[in-house]
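Engineer: no letters, just coordinates:
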Ligand code: GLU
C-alpha cells in the first residue's frame, strides 16, 4: 500500500514561539515547519513534506497569506500530496479553517488546521501532540473538507470556535459537537465530514476595502454603524443579540444602508430566526429592510464568507443565496 503524503505549511503562532533575547520580552515565532516536524522523530506512518510560509502571530493573519497557502497547497496536491496540515496561532485559527472550508477546491484532499496553546518552552507543551494528531487525521482516507484537530478532538471548520483563551481544551464545536477523536494513533469518527457546497473560486479576488464586524449591545444608538458605512465599508456583519436583534437606532441605519448587511447571532450557539419577532430591529424587520441572516454561522465566520463573496464581486442576491446555503442547516 502506498503511504499517505501530507504537506505541512507552518504560518507561525504559539506552536512556533520560543523566548527571544530576554525572557521578559516573551515568546515570538522562531521555529520552522522542519523544526516542528523534527520534534516528532523520524518514524512517522506517513510521508511528510513541509514549508514555512509565514512566521506571524495569528492576530495578523490576512488574505494574502491565506491565498499564498492555498496556492502552495494546490501545488502540493498536484505533486502527489493526499492531505494538507496548516499550522498557525490559535487566536484566529477558526477563521483560517473556515477560509479553507470555503476556498479549498480539492474535495478528496483534507485540510487540517492546528496549533498549540502552550509554547515549546513550557512544561507539557501541546504542539507536538496536536501536530501528530493532525497528520493522522490528514492521512485518514475518510477525512475531507476543512477540519481542526486540537487536543485529540476532530472538529468541522463549519462549527469550531476558540472557546477558551488559555486551556489546552481551547476549541469546541458547540452545539454540534466534534466529528470524532484521535486515540492510539487512529481516527475515530462519530460523524464523518459531510460533503461541502462548491468551493468559491478566488483567482481574481480583490480583498481591498473594509468589511467590519460590529457587535450589538445596550445603549447602541446606531452611531458606530453609521460611521462605518460613511467610511466606505464594502459590507458589514452585525453580531446581533439573540436570534438576530438590534436597537431601533441601528435598525434605522440598516434600513438606509447601501451595502450588504449580514445579521449573525452574538450568543455563540443557535441560529438567527426569520419570522418570530416583529418589533423595529427584530429579525423579520431586518429581513424586510434587505439584511441577510447568517443562520447558524457565527459572526466571525459570517465575516469571512462575506469578505470572500465581496472580494469575488458577488451580487446581493448571490450573497443571500450563499448565506442560506452555508448558514442554514436545512440543505
Ligand atoms: N494563543 C495564540 C496561539 O496559540 C497566540 C498567538 C497567535 O495566535 O498567533 O498561537
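Structural biologist: Received it, and whenever you're ready, just let me know what you need. Everything numeric here is computed off the predicted structure, so don't read it as measured data.

Engineer: only C-alpha atoms for contact and neighbour calcs from this point on.
Structural biologist: OK.

Engineer: does residue 225 belong to a helix or a strand, and which?
Structural biologist: helix 223-230 (DSSP states H and E).

Engineer: now the element after that helix, going C-ward?
Structural biologist: Trace forward from helix 223-230 with DSSP H and E and the next one is strand 236-240.

Engineer: and the helix or strand where residue 86 lies, which strands flank it?
Structural biologist: Using DSSP H and E, residue 86 maps to strand 83-87. If you go by DSSP bridges, strand 83-87 pairs up with strand 5-12 (parallel), strand 111-114 (parallel).

Engineer: following the chain past the longest one, name the next helix or strand.
Structural biologist: Tracing the chain C-terminally past strand 5-12 and defining elements by DSSP H and E, one meets strand 17-19 next.

Engineer: where does the residue nearest in space to the middle of the chain fall, phi/psi-wise?
Structural biologist: Note on the chain: the residue nearest the mean C-alpha position is residue 95, at 2.2 Å, using C-alpha atoms, centre = their mean. Backbone torsions for residue 95, taken as degrees, to the nearest 10, come to phi -70, psi -40.

Engineer: and if you look at residue 254?
Structural biologist: According to degrees, to the nearest 10, residue 254 has phi -60, psi -40.

Engineer: thought residue 260 was touching it, still the case?
Structural biologist: No. Using C-alpha atoms under 8 Å as the test, residue 254 is too far from residue 260 to be in contact (9.3 Å).

Engineer: wait, does the strand holding residue 86 contact the ligand?
Structural biologist: No. Using C-alpha under 6 Å from any ligand atom, strand 83-87 stays clear of the ligand, coming no nearer than 9.3 Å.

Engineer: quick one on the thing from earlier: now the helix holding residue 225: buried residues?
Structural biologist: 225-226, 228-229 (16 or more other C-alpha atoms under 10 Å).

Engineer: could you do stretch 75-83 as well?
Structural biologist: With burial defined by 16+ other C-alpha under 10 Å, the residues of stretch 75-83 counted as buried are 76-77, 81-83.

Engineer: quick one: contacts of it?
Structural biologist: Here stretch 75-83 makes contact (C-alpha atoms under 8 Å, 6 or more residues apart in numbering) with 4-7, 109-112, 138-139.

Engineer: so how far is it off the chain centroid?
Structural biologist: Averaging C-alpha positions (C-alpha atoms, centre = their mean, to the nearest Å) puts stretch 75-83 22 Å from its chain's average.

Engineer: ends of it, what's the gap?
Structural biologist: 12 Å (C-alpha to C-alpha, to the nearest Å).

Engineer: for that stretch, what is the average pLDDT?
Structural biologist: The average pLDDT within stretch 75-83 is 98.

Engineer: residues near residue 129, how many?
Structural biologist: Residues lying near residue 129 (other C-alpha atoms under 10 Å) number 18.

Engineer: list the helices and strands the helix or strand that contains residue 214 packs on?
Structural biologist: Assigned by DSSP H and E, residue 214 belongs to strand 213-215. For strand 213-215, the packing partners by 3 or more C-alpha pairs under 8 Å, 6 or more residues apart in numbering; DSSP states H and E come out as strand 236-240, helix 299-311.

Engineer: in its sheet, what does the first one sit against?
Structural biologist: Spelled out, that is strand 236-240. Counting by DSSP bridges, the strands paired with strand 236-240 are strand 213-215 (parallel), strand 261-265 (parallel).

Engineer: and residue 73, which of the three is it?
Structural biologist: Secondary structure, DSSP: H, G, I helix; E, B strand; the rest coil: residue 73 is helix.

Engineer: for it, what are its contacts?
Structural biologist: Contacts of residue 73 (C-alpha under 8 Å, 6+ apart): 7, 84.

Engineer: tell me which stretches of the chain form helices.
Structural biologist: 33-38, 63-78, 93-103, 127-138, 223-230, 248-256, 283-288, 299-311, 316-327 (DSSP state H).

Engineer: which bits of the chain sit near the ligand?
Structural biologist: Counting by C-alpha under 6 Å from any ligand atom, the chain sits next to the ligand at 13-14, 57-59, 89-91, 116-117.

Engineer: same list (these) but as TSV, adding neighbour count, distance to residue 200 and pLDDT.
Structural biologist: Shown next, in TSV, are these (neighbours: other C-alpha atoms under 10 Å; distance: C-alpha to C-alpha, whole Å; pLDDT from 0 to 100):
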residue	neighbour count	distance to residue 200	pLDDT
13	30	27	98
14	27	30	97
57	20	26	96
58	19	23	97
59	12	24	97
89	29	24	98
90	27	24	98
91	22	24	98
116	26	29	98
117	25	31	98
